[in-house]
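Chemist: Need a 3D model of the following:
(one chain, ligands or ions: 2)
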Amino acid sequence: MKRHLISPSILTADFLHLERELEMINASEADLLHLDIMDGVFVPNLTFGFPVIRQIKSVAKKPLDVHLMIVDPDRYLKAYRDAGADWLTVHYETCTHLHRTIQKITELGMKPAVSVNPHTDVSLLEPILGDLNMVLIMTVNPGFGGQKFIQASYDKIRKLKQMITKGGYETLIQIDGGLTLENIDGLIDVGVDVFVVGNTIFAAENPTEVIQELKNR
Ligand code: DX5
Ligand code: ZN
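Modeler: Ligands and ions are numbered 1, 2, ... in the order given. Below you'll find the model as predicted:
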């Protein structure tokens, strides 16, 4: 059976000791490293830019799973690749020519993914599903860590899973927001492949143990 992947989000990590946090993730059973890029326009929050991503890349041993919450991401696709992104996610809501954007990400040598906000129907992705490495279903409204999981997400995940199975695609399903040790089992059952986890890891007393527990469910 295919095992699920864990992608820790450093959004709520200790930025005064970021190298220590990154080394903790390097030594853990995490599969990816999730970076949340926010522009203060698409979402009501700001995070970090290219110099910080480059520095993170110089320390990180896990592939960088970069989640762009920015308007008009086409302007920066190459810059994110050059800064070290391995997997690149753009939001459906930010791309006018999404098919072109996906082709460009692939041409640049990154694994392309598209994210949908809680109000966006996954059936909109049907025409491009076969071109995607992954679909990210936002299970909170993007912008902040530590929010509560939106229950209506289960139906969206089931619907997406059916679309992928029907099309015979390999596309992975990722969820982001509100993941806990309590709700992960049910989400594995409905077909989630990749879990972004912020607060549940970084608010814990022993983050390495939490990653291990999430990975071994
Ligand atoms: C929210 C970000 C998430 C966030 C998840 O906009 O995309 O990656 O860090 O954090 P938790 O797991 O705390 O909900
Ligand atoms: Zn994210």
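Chemist: Okay, buried residues for the biggest helix by length in the chain please.
Modeler: For the chain, the helix with the greatest residue count under DSSP state H is helix 153-167. Going by neighbour count (16 or more other CB atoms under 10 Å), the buried part of helix 153-167 is 153-154, 156-157, 160-161, 163-164. All C-beta atoms are positioned from the backbone trio N, CA, C, and that covers glycine.
Chemist: Need the residues you listed in CSV (columns: distance to Gly178).
Modeler: Shown next, in CSV, are those (distance: CB to CB, whole Å):
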residue, distance to Gly178
Ser153, 9
Tyr154, 12
Lys156, 14
Ile157, 13
Leu160, 18
Lys161, 19
Met163, 23
Ile164, 22
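Chemist: which one among the residues you listed gets closest to Ile188?
Modeler: Ile157 (10.7 Å; CB to CB).
Chemist: Enumerate every residue touching the closest one.
Modeler: Taking CB atoms under 8 Å, 6 or more residues apart in numbering, we find Ile157 in contact with 137, 173, 175, 187, 190-192.
Chemist: So which of the residues you listed are in helices?
Modeler: Per DSSP H, these map to helices at 187, 190.
Chemist: Point out the residues in this structure that sit beside ligand 1.
Modeler: 9, 11-12, 34, 36, 67, 140, 142-143, 145-147, 176-179, 196-200 (CB under 6 Å from any ligand atom).
Chemist: Please list all residues in contact with Asn133.
Modeler: 87, 111-113, 171-172.
Chemist: what's the closest non-adjacent residue to it?
Modeler: Leaving out its chain neighbours, the residue that sits closest to Asn133 by CB to CB, 6 or more residues apart in numbering is Lys111, at 3.9 Å.
Chemist: Look at the closest residue to ligand 2 within the chain and give its secondary structure.
Modeler: Here the chain gets closest to ligand 2 at one residue, His67, 3.7 Å apart by CB to the ion. Put simply, His67 is strand when judged by DSSP: H, G, I helix; E, B strand; the rest coil.
Chemist: Show me how far stretch 161-170 is from its chain's centre.
Modeler: 20 Å (CA atoms, centre = their mean, to the nearest Å).
Chemist: Give me the contacts around it.
Modeler: Residues contacting stretch 161-170 (CB under 8 Å, 6+ apart): 122-123, 125-126, 129-130, 132, 171, 173, 190-191.
Chemist: for the chain, what spans make up the strands?
Modeler: Here the chain has its strands, by DSSP state E, at 5-8, 33-38, 64-69, 87-91, 111-116, 134-138, 172-176, 194-197.
Chemist: what residue ranges in this protein are flagged as low confidence?
Modeler: Within the chain, the segments meeting pLDDT under 70 span 1.
Chemist: near ligand 2, which residues of it?
Modeler: Within the chain, the positions near ligand 2 by CB under 5 Å from the ion are 36, 67, 176.
Chemist: By neighbours, which of these wins?
Modeler: Within the residues of the chain next to ligand 2, His67 tops the neighbour count with 28 neighbours, counted by other CB atoms under 10 Å.
Chemist: and that one, what are its bridge partners?
Modeler: Asp36, Thr89 (DSSP bridges).
Chemist: from what I can see it touches His34, true?
Modeler: Yes. At 6.2 Å, His67 counts as touching His34 under the criterion of CB atoms under 8 Å.
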